[in-house]
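Visitor: Mind folding the following:
(one chain, ligands or ions: 2)
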Amino acid sequence: MDMGEMPVWPVLAADRLDRLLATWHSQRFVFVAAALLVSIVILLTLRRGQTVHNRAPSPATEEKSSWLGTAKDAEYDRKFLTIPDKDVGVRTSSRKARPIGPKVVSGKKLLLQTKSSSKEASLCIKPYVFYASLTGNSKSIAEIVTERLRTAGKHDFLEPELFDLSYIDLDDYFVSGPKVEATDNAASFYLVILPSYDIDSIITNFLEHLRETHHDFRIDTAPMSSLAGYSVFGIGDKEGWPSEEQGFCSQAIEVDKWLAKLTGRKRAYPVGLGDVKSNIKQVAEDWTIGIIDSLRDMQQAGNLGEGVPGSGASVESDDEAADEQEPQSEDFPDLGRKKRQKLNNNSAAVDVEDVGGKSEPKAPLLVDFTIYSSTPQTQLQVKPMVPKESPTYAALTKQGYTIIGTHSGVKICRWTKSALRGRGSCYKNSFYGIASHLCMETTPSLSCSNKCVFCWRHGTNPVSTTWRWQVDDPQVIFDGAKAGHYKKIKMMRGVPGVRAERFEEAMKIRHCALSLVGEPIFYPHINEFVDLLHGERISSFLVCNAQHPDQLQNLKRVTQLYVSIDASNKDSLRKIDRPLHRDFWERFQSCLDILRTKRFVQRTVFRLTLVKGFNVDDEVEGYADLIEKALPCFVEIKGVTYCGTTSAAGAGLTMQNVPFYEEVVEFVTSLNVALEKRGLEGGYGIAAEHAHSCCILMASKRFFIDDKWCTLINYDKFFKLLESGTEFGPEDYCAPTPEWAYFGNGGFDPRDERVDRKGRPKIES
Ligand SMILES: Cc1cc2nc3c(=O)[nH]c(=O)nc-3n(C[C@H](O)[C@H](O)[C@H](O)COP(=O)(O)O)c2cc1C
Ligand code: SF4
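Guide: Numbers count the residues shown, from 1 in each chain. Ligands and ions are numbered 1, 2, ... in the order given. Below you'll find the model as predicted:
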């Protein structure tokens, strides 16, 4: 075929097709990849649209639905049995009627800045939830709030942490923010959940700490301004305290005000106030939602928002400004104080803090301890330390304590009961010759200036660095203690196994252990109280916590004077005793110096309580140093007793912290070697043991007389010497230790019968 005669287009088309096919063959992978990429992009775009659409309701709605629908919610209902049923109904319907979002809390939400630099926007927030709770309500709320923050903030902010204010060292968190920041660029956010109590409690102490920090001239004006923000939630009871003027949630309001000052007004969300008997759940829920919203806003914006110092209602801000000008800022700023003052003025009652009018400094209250018999404090209505209606009173009486007056207690211990039945006395019998059925255990001060991890009283106990309560007459305490003790002894009358002769003997108290709980030396009339004991020929053992050198110095002679030595160095002491005094180590050291000066006047004792994991490992040399400093007559070393309460668990204490007797022996042996190395005045040795209660006695060789340990007390001689008015020392009234009590012999009195846990005679193996 002649190609020149054919039309031209079929040739051209065939040629194009040819080229296209060639291109496809050579580039087909590129085309397929491009097509795939485009499809993925389209798919992703469509998906995102759908997600955004699904998220359309506000985060608040999201929070709310999960708050209401969780299993925790049912738990919450269960815990708040005080909420009347009808109320739950009212809340449900009102919830439906009102718009979604925070409500009920006073004040308004912060307007947060949305524009921010990329540096600010990368801020991550670490929430810290703090609570105090005496009867558990605030604790439940704090736990739920923490859990809510945890789930809500998974992708937005760091894992929240929960702390009981009774257990933490306030200096670690409430002087300049957390001592250890979560991460380098994390900003801390504080949520404080608090009940209010118009009696002394741990919250009083917390407020005092905030006030002190604010007034401490060594600390900046707003030392906690590094916090990203804070918010407070208050829990109160409107039935007893119907309005803020009458004290509803007054302490939460005070804490909120102090934090405003300390943080430089970083209130990120207004104070929430919940009534435990009606709307607590709703208010807590709203507050939490508001907090989560605020945290998310802050996370995005990188800060609290500009130009909005504090966020409460205008009345709050005004009040804060006024506080800064008025001398009243010396005291806890309290919204309702002025109004309450008015109310009080109209009634006969006068709040002692307000006595003296505005010009008087209001805190701390100074009580004249030299007068008590006419009870002037009662007239002025100084508060009792442990009022009858307080949770402390309830907790103590439930545990068998008899409360005497307003700040003292007495209890018969298990050894007294055991001795009455002839089943053995405590270590004091083996070491010092005190049969437990003749011993009364009491304290004239249930309050203390420590919060030792092994003390059962946390959460409910009054704690303070100074005495600020009503002071009871020593005679009233003495009579009350004896009456309470005898009453409890009499109750043992019908108990099977009680020996008649011991029961009779028990009706004459021969010895008083001033220990129990609290700090006896804190009682302003401790010397008069000891005189009353000695007046009836009752010997006295007094245990103090080495935090009150002035009182220790002024203490008159007791039969045996103890200082608790709970750690060998500053850091360890801070961890185990959690002292309230900032200069606790200096106080501790001063007490040791004072004890040294008293060692030839009266029997001085170091009491070591070994808590595994806290004060045992690597501390032997440290303890030996302390012994070298004070040269006590005796050193009692005892394994901690686990009380098994939730407060002990809360302090991080478990059975794992209780040392076995062999471990106590090992410790004492090492301590003995460390002391021998030092070649101390007279030297020390291991004198006696009471293996039964995990307790060992070391003694100065001053009490190793004629090749015999003489750790017992000759009580008759002690009183004769005391009554004679002559000078005398500890060696003048000591007596030989029985052989069965020597170290290595167990320390069980052969006059008693050993029984097992079920009361069956124990067969010696
Ligand atoms: C002795 C006592 C004093 C109280 N004082 C106040 C008070 O001043 N203001 C208040 O709003 N609620 C007061 N309440 C109520 C408690 O704050 C309320 O019961 C709260 O739920 C306790 O919280 P908690 O269980 O965490 O300790 C008081 C309760 C008791 C037992
Ligand atoms: S010193 Fe005694 S009463 Fe005070 S907290 Fe410690 S163990 Fe408890």
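Visitor: Spell out which parts of this protein neighbour ligand 1.
Guide: 133-139, 195-199, 235-237, 240-241, 247-250, 276, 389-391 (CB under 6 Å from any ligand atom). The C-beta positions use only the backbone N, C-alpha and C, and glycine is treated the same way.
Visitor: Recalculate using a threshold of 8 Å.
Guide: Counting by CB under 8 Å from any ligand atom, the residues of the chain close to ligand 1 are 82, 131-141, 194-199, 234-238, 240-241, 247-251, 275-276, 280, 387, 389-391.
Visitor: Out of these, which end up buried?
Guide: Neighbour counting with 16 or more other CB atoms under 10 Å marks 131-134, 137-141, 194-199, 234-238, 241, 247-251, 275-276, 280, 387, 390-391 as buried within these.
Visitor: got a list of what residue 129 touches?
Guide: Under the criterion of CB atoms under 8 Å, 6 or more residues apart in numbering, the contact list for residue 129 reads 142, 145, 146, 149, 160, 161, 162, 163, 191, 193.
Visitor: which one of the residues you listed has the most neighbours?
Guide: For those, the largest number of neighbours (other CB atoms under 10 Å) sits with residue 193, at 31 neighbours.
Visitor: Confirm that residue sits in a helix?
Guide: No. Counting by DSSP: H, G, I helix; E, B strand; the rest coil, residue 193 falls outside a helix, being strand.
Visitor: Tell me the pLDDT of it.
Guide: With respect to pLDDT, residue 193 scores 97.
Visitor: for it, which residues make a bridge with it?
Guide: Beta bridges link residue 193 to residue 131, residue 233 when assigned by DSSP bridges.
Visitor: is it true that it touches residue 138?
Guide: Yes. Residue 193 is in contact with residue 138 according to CB atoms under 8 Å; the separation is 5.3 Å.
Visitor: got any residues that touch both of those two?
Guide: By CB under 8 Å, 6+ apart, the residues touching both residue 193 and residue 138 are 131, 235.
Visitor: coming back round to it: among the contacts of residue 129, which lie within helices?
Guide: Among the contacts of residue 129, the ones falling in helices (DSSP state H) are 142, 145, 146, 149.
Visitor: can you tell me which residues contact the residue of the stretch 101-250 of the chain found nearest ligand 1?
Guide: Nearest to ligand 1 in the stretch 101-250 of the chain, going by CB to the nearest ligand atom, is residue 236, at a distance of 2.2 Å. Contacts for residue 236 (CB under 8 Å, 6+ apart) come out as 195, 196, 247, 248, 249, 250, 252, 273, 274, 275, 276.
Visitor: The fourth one touches residue 239, doesn't it?
Guide: Looking back up the chat, that one is residue 248. No. In terms of CB under 8 Å, residue 248 does not count as a neighbour of residue 239; the distance is 10.0 Å.
Visitor: just for the stretch 1-150 of the chain, where's the confidence low?
Guide: Scanning the stretch 1-150 of the chain for pLDDT under 70 picks out 1-15, 18, 21-23, 25-26, 29, 44-123.
Visitor: 80 - rerun?
Guide: By pLDDT under 80, the weakly predicted segments of the stretch 1-150 of the chain are 1-123.
Visitor: after the helix or strand residue 259 falls within, next one along is what?
Guide: Using DSSP states H and E, the element containing residue 259 is helix 250-263. Counting by DSSP H and E, the next helix or strand C-terminal to helix 250-263 is strand 272-275.
Visitor: Report all helices and strands that that following strand contacts.
Guide: Under the contact definition 3 or more CB pairs under 8 Å, 6 or more residues apart in numbering; DSSP states H and E, strand 272-275 sits against strand 229-236, helix 280-301.
Visitor: sorry, back to before: report the inter-axis angle for the helix holding residue 259 versus strand 229-236.
Guide: Between helix 250-263 and strand 229-236, the angle comes out at 170 degrees (axes from the mean of the first three to the mean of the last three CA atoms, to 10 degrees).
Visitor: which residue sits closest to residue 620, ignoring its sequence neighbours?
Guide: With sequence-adjacent residues excluded and distances taken as CB to CB, 6 or more residues apart in numbering, residue 620 is closest to residue 670, at 4.7 Å.
Visitor: Many thanks, we can stop here.
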